[in-house]
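J.: fold the stuff below for me.
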Amino acid sequence: MYQKLSNTISDLLENLKISVERKAILQPLVDFIQQKTDNNFPININFICTHNSRRSHLSQVWAQVAAAHFQIQNVVCYSGGTDETALFPKVAETFINQGFEVFKISNDPNPVYSIRFDKNSSPIIGFSKKYDHPFNPNSTFAAVMTCSHADDGCPFIGGAEKRISVTFDDPKVSDNTPEQDDIYSERSLDIASEMLYVFSQIKM
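T.: Take a look at the predicted model:
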(Lines give C-alpha, C1' and ligand atoms only; values in the text may rest on other atoms or scores of the structure.)
Protein backbone atom coordinates (compact mmCIF):
# COMPACT_ATOMS: atom_id res chain seq x y z
CA MET A 1 0.00 0.00 0.00
CA TYR A 2 1.28 3.48 -0.77
CA GLN A 3 3.04 4.95 2.25
CA LYS A 4 0.98 8.13 2.48
CA LEU A 5 -2.25 6.12 2.32
CA SER A 6 -0.91 3.66 4.89
CA ASN A 7 -0.17 6.61 7.17
CA THR A 8 -3.71 7.94 6.67
CA ILE A 9 -5.15 4.56 7.63
CA SER A 10 -2.87 4.23 10.67
CA ASP A 11 -3.94 7.66 11.91
CA LEU A 12 -7.60 6.78 11.48
CA LEU A 13 -7.28 3.46 13.30
CA GLU A 14 -5.37 5.04 16.19
CA ASN A 15 -8.19 7.53 16.69
CA LEU A 16 -11.15 5.39 15.65
CA LYS A 17 -14.31 6.50 17.43
CA ILE A 18 -17.56 5.09 16.09
CA SER A 19 -20.66 5.97 18.11
CA VAL A 20 -22.99 3.29 19.43
CA GLU A 21 -25.67 4.59 17.08
CA ARG A 22 -23.46 4.32 14.01
CA LYS A 23 -22.23 0.86 15.03
CA ALA A 24 -25.85 -0.29 15.04
CA ILE A 25 -26.36 1.18 11.55
CA LEU A 26 -23.21 -0.53 10.28
CA GLN A 27 -23.93 -3.92 11.85
CA PRO A 28 -26.07 -5.28 8.97
CA LEU A 29 -23.14 -4.67 6.62
CA VAL A 30 -20.80 -6.43 9.06
CA ASP A 31 -23.25 -9.35 9.20
CA PHE A 32 -23.48 -9.58 5.40
CA ILE A 33 -19.70 -9.67 4.98
CA GLN A 34 -19.25 -12.13 7.85
CA GLN A 35 -21.86 -14.52 6.48
CA LYS A 36 -20.20 -14.51 3.05
CA THR A 37 -16.76 -14.94 4.62
CA ASP A 38 -17.92 -17.87 6.74
CA ASN A 39 -19.19 -19.63 3.62
CA ASN A 40 -16.25 -18.62 1.41
CA PHE A 41 -18.64 -16.88 -0.99
CA PRO A 42 -17.80 -13.83 -3.13
CA ILE A 43 -18.59 -10.55 -1.37
CA ASN A 44 -20.09 -8.03 -3.77
CA ILE A 45 -21.13 -4.64 -2.39
CA ASN A 46 -22.75 -1.91 -4.47
CA PHE A 47 -22.75 1.53 -2.81
CA ILE A 48 -25.64 3.59 -4.17
CA CYS A 49 -26.35 7.31 -4.07
CA THR A 50 -28.47 9.59 -6.24
CA HIS A 51 -25.87 10.81 -8.76
CA ASN A 52 -22.98 8.38 -8.13
CA SER A 53 -20.70 11.40 -7.92
CA ARG A 54 -19.48 11.75 -4.32
CA ARG A 55 -20.54 9.60 -1.34
CA SER A 56 -21.02 6.36 -3.23
CA HIS A 57 -17.53 6.60 -4.76
CA LEU A 58 -15.96 7.52 -1.43
CA SER A 59 -17.66 4.50 0.12
CA GLN A 60 -16.73 2.12 -2.70
CA VAL A 61 -13.06 3.03 -2.67
CA TRP A 62 -12.61 3.09 1.10
CA ALA A 63 -14.46 -0.21 1.53
CA GLN A 64 -12.17 -1.86 -1.03
CA VAL A 65 -9.13 -0.46 0.77
CA ALA A 66 -10.43 -1.56 4.17
CA ALA A 67 -10.94 -5.09 2.86
CA ALA A 68 -7.37 -5.12 1.57
CA HIS A 69 -5.98 -3.69 4.80
CA PHE A 70 -7.65 -6.38 6.93
CA GLN A 71 -6.96 -9.08 4.30
CA ILE A 72 -10.61 -10.00 3.83
CA GLN A 73 -10.72 -12.08 0.67
CA ASN A 74 -13.16 -12.15 -2.26
CA VAL A 75 -14.40 -8.57 -1.79
CA VAL A 76 -15.31 -6.45 -4.80
CA CYS A 77 -16.90 -3.07 -4.22
CA TYR A 78 -18.95 -1.16 -6.78
CA SER A 79 -20.94 2.05 -6.89
CA GLY A 80 -23.94 3.36 -8.77
CA GLY A 81 -26.68 5.94 -8.72
CA THR A 82 -30.32 6.42 -9.52
CA ASP A 83 -29.01 8.83 -12.19
CA GLU A 84 -25.77 8.99 -14.18
CA THR A 85 -23.76 12.22 -13.90
CA ALA A 86 -19.97 12.30 -13.36
CA LEU A 87 -17.54 11.64 -10.55
CA PHE A 88 -17.05 15.08 -9.01
CA PRO A 89 -13.42 16.22 -9.57
CA LYS A 90 -12.97 17.25 -5.93
CA VAL A 91 -13.50 13.61 -4.93
CA ALA A 92 -10.58 12.51 -7.13
CA GLU A 93 -8.47 15.35 -5.72
CA THR A 94 -9.36 14.30 -2.18
CA PHE A 95 -8.28 10.72 -2.89
CA ILE A 96 -4.92 11.99 -4.15
CA ASN A 97 -4.43 14.16 -1.08
CA GLN A 98 -5.08 11.17 1.19
CA GLY A 99 -2.57 8.90 -0.52
CA PHE A 100 -4.17 7.27 -3.56
CA GLU A 101 -2.79 7.33 -7.09
CA VAL A 102 -5.51 8.60 -9.42
CA PHE A 103 -5.43 8.86 -13.20
CA LYS A 104 -8.15 10.15 -15.48
CA ILE A 105 -8.23 7.63 -18.33
CA SER A 106 -10.90 9.34 -20.44
CA ASN A 107 -11.93 12.94 -21.00
CA ASP A 108 -15.60 12.36 -21.71
CA PRO A 109 -18.28 14.43 -19.93
CA ASN A 110 -18.50 11.41 -17.61
CA PRO A 111 -14.77 10.63 -17.30
CA VAL A 112 -13.35 7.30 -16.17
CA TYR A 113 -10.74 7.24 -13.40
CA SER A 114 -8.20 4.65 -12.32
CA ILE A 115 -7.89 4.75 -8.53
CA ARG A 116 -5.04 2.70 -7.10
CA PHE A 117 -4.11 2.09 -3.45
CA ASP A 118 -1.02 -0.03 -4.10
CA LYS A 119 1.40 -0.17 -7.01
CA ASN A 120 0.62 -3.87 -7.50
CA SER A 121 -3.14 -3.73 -6.88
CA SER A 122 -5.76 -3.80 -9.60
CA PRO A 123 -7.10 -0.26 -10.01
CA ILE A 124 -10.55 0.63 -8.81
CA ILE A 125 -12.44 2.00 -11.81
CA GLY A 126 -14.43 5.09 -10.96
CA PHE A 127 -17.10 6.64 -13.16
CA SER A 128 -20.71 7.62 -12.70
CA LYS A 129 -23.29 5.02 -13.68
CA LYS A 130 -26.74 3.84 -12.73
CA TYR A 131 -26.77 1.14 -10.07
CA ASP A 132 -27.94 -1.46 -12.60
CA HIS A 133 -25.26 -0.61 -15.18
CA PRO A 134 -23.69 -3.72 -16.80
CA PHE A 135 -20.39 -2.86 -15.06
CA ASN A 136 -22.06 -3.67 -11.71
CA PRO A 137 -23.25 -7.06 -10.40
CA ASN A 138 -26.84 -8.02 -11.19
CA SER A 139 -27.41 -10.49 -8.35
CA THR A 140 -26.17 -11.69 -4.94
CA PHE A 141 -24.85 -8.32 -3.83
CA ALA A 142 -25.52 -5.99 -0.93
CA ALA A 143 -27.02 -2.66 -1.96
CA VAL A 144 -25.71 -0.07 0.49
CA MET A 145 -27.68 3.16 0.27
CA THR A 146 -25.33 6.04 1.08
CA CYS A 147 -27.80 8.91 0.79
CA SER A 148 -31.34 9.32 2.06
CA HIS A 149 -32.64 10.64 -1.28
CA ALA A 150 -31.69 7.45 -3.11
CA ASP A 151 -32.86 5.34 -0.16
CA ASP A 152 -36.29 6.98 -0.16
CA GLY A 153 -36.62 7.30 -3.93
CA CYS A 154 -35.49 3.81 -4.90
CA PRO A 155 -37.49 1.34 -2.81
CA PHE A 156 -36.46 -1.70 -4.88
CA ILE A 157 -32.98 -2.64 -6.10
CA GLY A 158 -33.28 -5.55 -8.49
CA GLY A 159 -30.91 -8.43 -7.80
CA ALA A 160 -29.85 -7.20 -4.37
CA GLU A 161 -29.53 -9.99 -1.84
CA LYS A 162 -29.61 -7.44 0.98
CA ARG A 163 -30.43 -3.74 1.16
CA ILE A 164 -28.64 -1.73 3.84
CA SER A 165 -29.02 1.96 4.66
CA VAL A 166 -25.75 3.64 5.69
CA THR A 167 -26.24 7.30 4.87
CA PHE A 168 -23.67 10.09 5.05
CA ASP A 169 -23.89 13.88 4.93
CA ASP A 170 -23.32 15.28 1.45
CA PRO A 171 -20.05 17.23 1.03
CA LYS A 172 -21.73 19.03 -1.89
CA VAL A 173 -23.02 21.62 0.60
CA SER A 174 -19.50 23.06 0.65
CA ASP A 175 -19.08 23.44 -3.12
CA ASN A 176 -17.81 26.88 -4.15
CA THR A 177 -17.06 27.87 -0.56
CA PRO A 178 -13.73 28.38 1.24
CA GLU A 179 -14.50 25.28 3.32
CA GLN A 180 -14.74 22.91 0.35
CA ASP A 181 -11.34 21.24 0.73
CA ASP A 182 -11.81 20.68 4.45
CA ILE A 183 -15.37 19.36 4.13
CA TYR A 184 -14.48 16.88 1.37
CA SER A 185 -11.46 15.68 3.34
CA GLU A 186 -13.54 15.33 6.49
CA ARG A 187 -16.33 13.42 4.76
CA SER A 188 -13.84 11.09 3.08
CA LEU A 189 -12.16 10.34 6.40
CA ASP A 190 -15.52 9.83 8.12
CA ILE A 191 -16.47 7.25 5.51
CA ALA A 192 -13.00 5.69 5.66
CA SER A 193 -13.27 5.33 9.44
CA GLU A 194 -16.60 3.53 9.20
CA MET A 195 -15.47 1.20 6.43
CA LEU A 196 -12.33 0.38 8.41
CA TYR A 197 -14.49 -0.34 11.44
CA VAL A 198 -16.76 -2.64 9.41
CA PHE A 199 -13.93 -4.76 8.06
CA SER A 200 -12.11 -4.80 11.41
CA GLN A 201 -15.09 -6.70 12.81
CA ILE A 202 -14.82 -9.60 10.36
CA LYS A 203 -13.52 -12.83 11.87
CA MET A 204 -11.53 -15.05 9.53
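J.: looking at the protein, which helix or strand is least sure?
T.: Lowest by mean pLDDT, DSSP states H and E among the helices and strands of the chain is helix 148-153, with a mean of 69.
J.: got a list of contacts for stretch 71-80?
T.: With CB atoms under 8 Å, 6 or more residues apart in numbering as the contact definition, stretch 71-80 has outside contacts at 33, 36-37, 40-49, 52, 56-57, 59-61, 63-64, 67, 124, 126, 129-133, 135-137, 141, 199, 202, 204. C-beta: built from backbone N, CA, C; applies to glycine.
J.: 7 Å instead, please
T.: Stretch 71-80 has contacts (CB atoms under 7 Å, 6 or more residues apart in numbering) with 33, 37, 42-48, 52, 56-57, 59-60, 63-64, 67, 129-131, 133, 136-137, 199, 202.
J.: chain center to that stretch: distance?
T.: Here stretch 71-80 is found 9 Å from its chain centre; the criterion is CA atoms, centre = their mean, to the nearest Å.
J.: so where is the chain shaky, pLDDT-wise?
T.: Across the chain, the ranges flagged by pLDDT under 70 are 150-155.
J.: would you map the strands across it?
T.: Along the chain, the stretches classed as strands by DSSP state E are 43-49, 75-81, 101-104, 113-116, 124-126, 141-145, 160-165.
J.: distance of Val198 relative to Asn176?
T.: 32 Å (CB to CB, to the nearest Å).
J.: one more: Ala24?
T.: Distance, Ala24 to Asn176, using CB to CB: 35 Å.
J.: these two: which is more packed in?
T.: The residue with more neighbours, out of Ala24 and Asn176, is Ala24; 9 against 6, by other CB atoms under 10 Å.
J.: returning to that earlier point: from the contacts of stretch 71-80, keep the buried residues only.
T.: 33, 37, 43-48, 52, 56-57, 59-60, 63-64, 67, 129, 131, 133, 136-137, 199, 202 (16 or more other CB atoms under 10 Å).
J.: returning to that earlier point: take the strands of the chain and write them to CSV, including distance to Tyr184.
T.: Output for the strands of the chain, formatted as CSV (distance: least, CB to CB, whole Å):
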stretch, distance to Tyr184
strand 43-49, 15
strand 75-81, 17
strand 101-104, 14
strand 113-116, 15
strand 124-126, 15
strand 141-145, 20
strand 160-165, 23
